[in-house]
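Student: Quick check, what structure comes out for this input:
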Amino acid sequence: MQNKLRKSYKDKSISGVCGGLAEFFGISSLAVRLIFIFLPANLLIYIILANTMHDNPPSL
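Tutor: The predicted structure follows:
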């Protein structure tokens, strides 16, 4: 099964973008959030990703 880039259902603070990126790359969501804090165009990139990433359906 291929890992797809989707918003996280479990690990979300605002919309699940950082959690989804962390699950996709297999790293800590804290690391992804820190990268977004120090990235120069962080708000613009986050808004684009929040609107284009698909939601991950909740699993049982």
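Student: residue ranges with poor pLDDT in this structure?
Tutor: By pLDDT under 70, the weakly predicted segments of the chain are 1, 59-60.
Student: at 90 what do you get?
Tutor: Along the chain, segments meeting pLDDT under 90 span 1-16, 18-19, 23, 35-37, 39-43, 45-46, 53-60.
Student: I'd like the distance from stretch 14-26 to the chain centre, please.
Tutor: Computed by CA atoms, centre = their mean, to the nearest Å, the chain-centroid distance of stretch 14-26 equals 3 Å.
Student: Now it: buried residues?
Tutor: Within stretch 14-26, the residues that count as buried by 16 or more other CB atoms under 10 Å are 15, 16, 17, 18, 19, 20, 21, 22, 23. Every residue, glycine included, has its C-beta placed from N, CA and C.
Student: what sits up against that stretch?
Tutor: Outside stretch 14-26, the residues within contact range by CB atoms under 8 Å, 6 or more residues apart in numbering are 3-13, 28-29, 31-33, 36, 46, 49-50, 53, 55-56.
Student: cutoff 7 Å now
Tutor: The contact list for stretch 14-26, computed with CB atoms under 7 Å, 6 or more residues apart in numbering, reads 3, 5-9, 11-12, 28-29, 32-33, 36, 46, 49-50, 53, 56.
Student: end-to-end on stretch 28-47?
Tutor: Using CA to CA, to the nearest Å, the end-to-end distance of stretch 28-47 comes to 21 Å.
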